[in-house]
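Q: Can you look at this prediction? I've put the sequence above it.
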Amino acid sequence: MPKETFLKLSKEKQQKVINAAKKEFARAPIENVSIKNIVEEADIARGSFYQYFEDKEDAIKYIIQKFILAEEELIGKILIDTNGDIFESAIKMYDYMVEELLKDNSFKLVRNILQELKKENFSIFDKNNKLGNKSQLNNLINKETLNLDNEEDLYYIMKIITIMTRTEAIEVISKKETKDQGTEDLKRELEILKRGMKK
């Protein structure tokens, strides 16, 4: 996370540094991100970068955290719109992600963010149903339609759906399939989840 020095910068200077880091992260996956490229783009000294962040991973994690917060807010709105239907919400989330990414030049950045989240198997839902926004999202889900043995089951269901939704979005923005193919694949995957997989 950013150091106090970064947080004391003007919003304009913070944004300049973050935009430079985003540009570099869009260019390459995290392991190939170059601090040299970031500091040149932001027009700051290399030493200044280390006054703002521990390392490149720290800067990228900050970008990913901001992405996650925006995603949580969007999912909350979608869950309200769908009366807590997680399956309908997954389709709406997929549609939104793909449409935004395809009309925007930030798709390479978001693709790399999604790839990082996929590596971590990251779910924005809280396993213990205790943390701030995460528990608020849990509370928006219509649990009456789900076969839950316990509260923890919801975490695993949402983890599976989140990974499936992100994976289909990555396939589309990576040009491995069309948006319609991705929609059909996601709907089929969700139908399999709904009916269960064991006879």
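A: On my side now, so go ahead. Numbers count the residues shown, from 1 in each chain.

Q: Please make it C-alpha for all contacts and neighbour counts, starting now.
A: Noted.

Q: quick one, helices of the protein?
A: 4-7, 11-27, 35-42, 46-52, 56-81, 86-102, 107-119, 132-140, 151-173, 179-195 (DSSP state H).

Q: Tell me the pLDDT of the residue nearest to the spatial centre of the chain.
A: The residue lying closest to the centre of the chain (C-alpha atoms, centre = their mean) is residue 68, at 4.8 Å. In this model, residue 68 is scored at 81, pLDDT.

Q: Poorly predicted segments of this protein, please.
A: 103-105, 118, 120-135 (pLDDT under 70).

Q: and residue 150, how many neighbours?
A: 8 (other C-alpha atoms under 10 Å).

Q: which residues touch the spatially closest residue to residue 22 that is not a sequence neighbour?
A: Distances taken as C-alpha to C-alpha, 6 or more residues apart in numbering place residue 109 nearest to residue 22, at 6.6 Å, with adjacent residues excluded. By C-alpha atoms under 8 Å, 6 or more residues apart in numbering, the contact list for residue 109 reads 22, 23, 25, 26, 27.

Q: From those residues, list the buried ones, please.
A: 22, 23, 25, 26 (16 or more other C-alpha atoms under 10 Å).

Q: what does stretch 2-15 rub up against?
A: Against stretch 2-15 from outside (C-alpha under 8 Å, 6+ apart): 51, 52, 53, 54, 58, 59, 62.

Q: Name the member of those residues with the most neighbours.
A: Highest count within the contacts of stretch 2-15 by other C-alpha under 10 Å belongs to residue 59, 23 neighbours.

Q: any idea how far the closest residue to that residue other than its chain neighbours is from residue 31?
A: If the residues on either side of it in the chain are set aside, residue 59 comes closest to residue 53, at 6.0 Å by C-alpha to C-alpha, 6+ apart. Noted for residue 53: a distance of 16 Å to residue 31, by C-alpha to C-alpha, to the nearest Å.

Q: Kindly report the same for residue 140.
A: From residue 140 to residue 31 the distance is 37 Å (C-alpha to C-alpha).

Q: Kindly report the same for residue 21.
A: In terms of C-alpha to C-alpha, residue 21 sits 13 Å off from residue 31.
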